[in-house]
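Enquirer: I'd like to go over a predicted model; first the sequence, then the structure.
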Amino acid sequence: MDHGIEKGADPFLQGIVDAARDWIGTPYRHQASVKGAGADCLGLVRGIWRDVLGPEPASIPSYTPDWSEASGDEALMRSADRWLVRRSGLEWKMADILLFRMRQDSVAKHLGVVSAPSGTCRFIHAYTGHGVVESPLSEPWRRRVAAVYHFPKGV
C-alpha cells in the first residue's frame, strides 16, 4: 500500500495524515491521548492537533465509554463544531475528520481521519479492541458518517 504524498497534496493536509499515521499501533485506552501508550478516538484527534497545531485549546472533562447515549446529548458534535471547521454536506477530502454514529438514531461518538480519499478510501481511527488502525472506509462505515470537519489552519 502506498502511503506517500498524494500528487498535488497540500503540505498542511499531508502533515495531518502523516501525524495520524504516526499513531498507528498505539493501543486503545479510554480517555488516553499518548502516542504509543494509549488513545481512544478523541485522544487520537487531540494528539494530531498537538502534533500539527500545537497546544490543545481546551481541557477535556472526564467521560465514560457510554457518555451521552442515555441523555441523547450530542456533546462530541457540539465540541467538534466549536473547535473544528465543519464542511457542508458529507463529502470528504484527505485529512478531514469524520464523526460517526455507531448506531442509527444514536449520538455521534466516534472519530476518524481520512487518510486516502480516493481509490480505496481509508481512514485512521482508534477502535476498541484494535487500537489505532488504518481501515477501509467501507459502505457500513460510510453510512455512519454524521458530519465532516477539518482542522483549522493557523490556529
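Expert: Arrived safely.
Enquirer: Give me the nearest residue to the residue positioned nearest the centre of the chain, chain neighbours excluded.
Expert: Of all residues in the chain, the one closest to the mean position by C-alpha atoms, centre = their mean is Gly112, 2.8 Å from it. Spatial nearest neighbour of Gly112, chain neighbours left out: His125 (3.4 Å); criterion: C-beta to C-beta, 6 or more residues apart in numbering. Quick note: C-beta positions are derived from backbone N, CA and C, even for glycine.
Enquirer: Mind telling me what element the one you found is part of?
Expert: In the assignment (DSSP states H and E), His125 maps to strand 122-127.
Enquirer: Within the sheet, what are the partner strands of that strand, with directions?
Expert: Strand 122-127 pairs in its sheet with strand 108-116 (antiparallel), strand 131-136 (antiparallel), by DSSP bridges.
Enquirer: and it, C-alpha only, in PDB?
Expert: Below are the C-alpha coordinates for strand 122-127, written out as PDB (Å, rounded to 0.1, in the frame of the first residue of the first chain):
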ATOM      1  CA  ARG A 122      -9.200   4.800   4.000                       C
ATOM      2  CA  PHE A 123      -9.300   6.400   7.500                       C
ATOM      3  CA  ILE A 124      -7.300   6.300  10.700                       C
ATOM      4  CA  HIS A 125      -9.100   5.800  14.000                       C
ATOM      5  CA  ALA A 126      -8.700   4.400  17.500                       C
ATOM      6  CA  TYR A 127     -11.000   1.500  17.700                       C
END
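Enquirer: Contacts for it next, please.
Expert: Strand 122-127 is contacted from outside by 17, 20-21, 23-24, 26, 28, 39-41, 43-44, 98, 110-116, 132-137, 141, using C-beta atoms under 8 Å, 6 or more residues apart in numbering.
Enquirer: Bridged to the residue nearest to the centre of the chain, which residues?
Expert: Taking DSSP bridges as the rule, Gly112 bridges to Leu98.
Enquirer: from here on, count from 24
Expert: Sure, I'll start counting at 24 from here, so that last one is Gly135.
Enquirer: residues contacting it?
Expert: Taking C-beta under 8 Å, 6+ apart as the test, what Gly135 contacts is 64, 120-121, 123, 146-148, 158.
Enquirer: Appreciated, that's everything.
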